[in-house]
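A.B. asks: Coordinates for the following, if possible.
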Amino acid sequence: MPPFRLSLALLLLASTPLHAQSSWPAVRRDPALEAKLATLAGEVQGDVGIYVRHLTTGRGAMLRADEVFPTASMIKVPILLAVFDQIHRGALRFDTTLVWADSLRYGGEDDLFDKLQAGAKVPLSQATLMMITTSDNAASLWLQGIVTGAAINHWLATNGFDSTRVNSRTPGRESNRTAMGWGETTPREMAELLVRLRNGKAVSPAASAEMYRHLTRIYYTAEALSALPPWVQAASKQGAVNRSRSEVVLVNAPSGDYVFAVITKNQQDQSWGRQNQGYVLLRTVSALLWRHFEPKHPWTPSKDVGRFQPK
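C.D. replies: Predicted coordinates for the structure are as follows:
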């Protein structure tokens, strides 16, 4: 490990308070809503976890909400938190200029950072934004390498997230990576992580606000976001690998904010088209929840909306 990375990790370990918030807000479980969600989940050949909570009323639903699932690219939210935490502590600066090297290439055809020339200068702030908005894998791994997987997991553990962890490129997590891939979480923890940001309680109020802004600028709008009116703000992050589809969304709805996370694993349908069972589930759950929480604001997307959404 390069010396500067070691010093950042030691600074984080030395200055993070060792306390955990192991209890989550109560959910007033709605049997009728849970039954509808279970019906939708049953249409997926695989395992499905769902967590829903209306932040004002506490109404919601849980299906396997505390079971561990793969994060895929949703792990980029904890990476973002660790970067902002180190900025807050003075170990990094938001206006730092990073220098790209060929050794950082990931090989993803959709990753714009992979197309950079060696020696290209990139603001840290642009890397964090691309990691979230376009889910750039090369930018994400670059940032993870700077803050380290160990530091990310330490932040999660000391802030009450017992199940959410980075596995890839993190010593001691090799068996977890084999089982779950880049990262792992539960539907409840991933949803409550966004709530922590929404409430200004992740790292600091100022850091939470800017991270939340990142999450409201998502490029990929074809799944859960497509079932929400375009005039409603939502913070979100998707994840997808062959046998898993996932999305976490916090909706700033007219009648009050609500959050939900939907994650699948062991999917038999490994296709990548719009009609993948996991993608259909994300859209139908999002539409159901909007109707459930916002009956006075009915909205249905246009039939040809898919023509104008990135894939």
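A.B. asks: Strands of the stretch 151-300 of the chain, residue ranges please.
C.D. replies: Assigned by DSSP state E, counting those that start in this stretch, the strands in the stretch 151-300 of the chain fall at 165-166, 183-185, 234-241, 244-251, 258-265.
A.B. asks: Out of these, which is closest to Y51?
C.D. replies: strand 258-265 (5.0 Å; C-beta to C-beta). C-beta: built from backbone N, CA, C; applies to glycine.
A.B. asks: who does that closest one touch, helix- and strand-wise?
C.D. replies: With contacts taken as 3 or more C-beta pairs under 8 Å, 6 or more residues apart in numbering; DSSP states H and E, strand 258-265 sits against strand 47-54, strand 69-70, helix 187-198, strand 244-251, helix 277-293.
A.B. asks: now the last one and strand 47-54, what's the angle there?
C.D. replies: Yep, that's helix 277-293 we're talking about. Helix 277-293 runs at 20 degrees relative to strand 47-54, counting by axes from the mean of the first three to the mean of the last three C-alpha atoms, to 10 degrees.
A.B. asks: Could you tell me which other helices and strands helix 277-293 packs against?
C.D. replies: Using 3+ C-beta pairs under 8 Å, 6+ apart: helix 277-293 touches helix 31-41, strand 47-54, strand 244-251, strand 258-265.
A.B. asks: Okay, angle between that helix and helix 31-41 too, please.
C.D. replies: Using the same axes, to 10 degrees: helix 277-293 against helix 31-41 is 160 degrees.
A.B. asks: Reformat the helices and strands packed on strand 258-265 as JSON lines; add mean pLDDT.
C.D. replies: Below are these laid out as JSON lines (pLDDT from 0 to 100):
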{"stretch": "strand 47-54", "mean pLDDT": "98"}
{"stretch": "strand 69-70", "mean pLDDT": "98"}
{"stretch": "helix 187-198", "mean pLDDT": "98"}
{"stretch": "strand 244-251", "mean pLDDT": "98"}
{"stretch": "helix 277-293", "mean pLDDT": "98"}
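A.B. asks: Kindly compare burial across the helices and strands packed on helix 277-293 and name the winner.
C.D. replies: Most buried of these, by mean neighbour count (mean count of other C-beta atoms under 10 Å): strand 258-265, with a mean of 28.
A.B. asks: Might you quantify the distance of that one from its chain's geometric centre?
C.D. replies: 10 Å (C-alpha atoms, centre = their mean, to the nearest Å).
A.B. asks: per-residue confidence averaged over it?
C.D. replies: Mean per-residue pLDDT for strand 258-265: 98.
A.B. asks: ok, that strand: who's next to it in the sheet?
C.D. replies: Strand 258-265 has its sheet partners listed here by DSSP bridges as strand 47-54 (antiparallel), strand 244-251 (antiparallel).
A.B. asks: The residue lying closest to R177 once chain neighbours are set aside: what's it in contact with?
C.D. replies: Nearest non-adjacent residue to R177, counting by C-beta to C-beta, 6 or more residues apart in numbering: N167, 3.9 Å away. N167 makes contact with 149, 173-174, 176-177, 180-184, according to C-beta atoms under 8 Å, 6 or more residues apart in numbering.
A.B. asks: Are any of those residues buried, and if so which?
C.D. replies: 149, 173, 176-177, 180-184 (16 or more other C-beta atoms under 10 Å).
A.B. asks: rewinding a little: TSV for the strands of the stretch 151-300 of the chain, including distance to Y51?
C.D. replies: Compiled in TSV, the strands of the stretch 151-300 of the chain are given as follows (distance: least, C-beta to C-beta, whole Å):
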stretch	distance to Y51
strand 165-166	18
strand 183-185	11
strand 234-241	14
strand 244-251	9
strand 258-265	5
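A.B. asks: Quick one, which of these gets closest to A127.
C.D. replies: For A127, the closest of the strands of the stretch 151-300 of the chain is strand 234-241, at 16.0 Å, according to C-beta to C-beta.
A.B. asks: avg pLDDT for the closest one?
C.D. replies: For strand 234-241, the per-residue pLDDT averages 98.
A.B. asks: counting contacts, what elements does that strand pack onto?
C.D. replies: Short answer (3+ C-beta pairs under 8 Å, 6+ apart): strand 234-241 packs on helix 187-198, helix 205-215, strand 244-251.
A.B. asks: Go again with 10 Å.
C.D. replies: Under the contact criterion of 3 or more C-beta pairs under 10 Å, 6 or more residues apart in numbering; DSSP states H and E, strand 234-241 touches strand 69-70, helix 76-89, helix 124-133, helix 187-198, helix 205-215, strand 244-251, strand 258-265, helix 277-293.
A.B. asks: Give me whichever of these is most buried.
C.D. replies: Stretch with highest mean neighbour count among the helices and strands packed on strand 234-241: strand 258-265 (a mean of 28; mean count of other C-beta under 10 Å).
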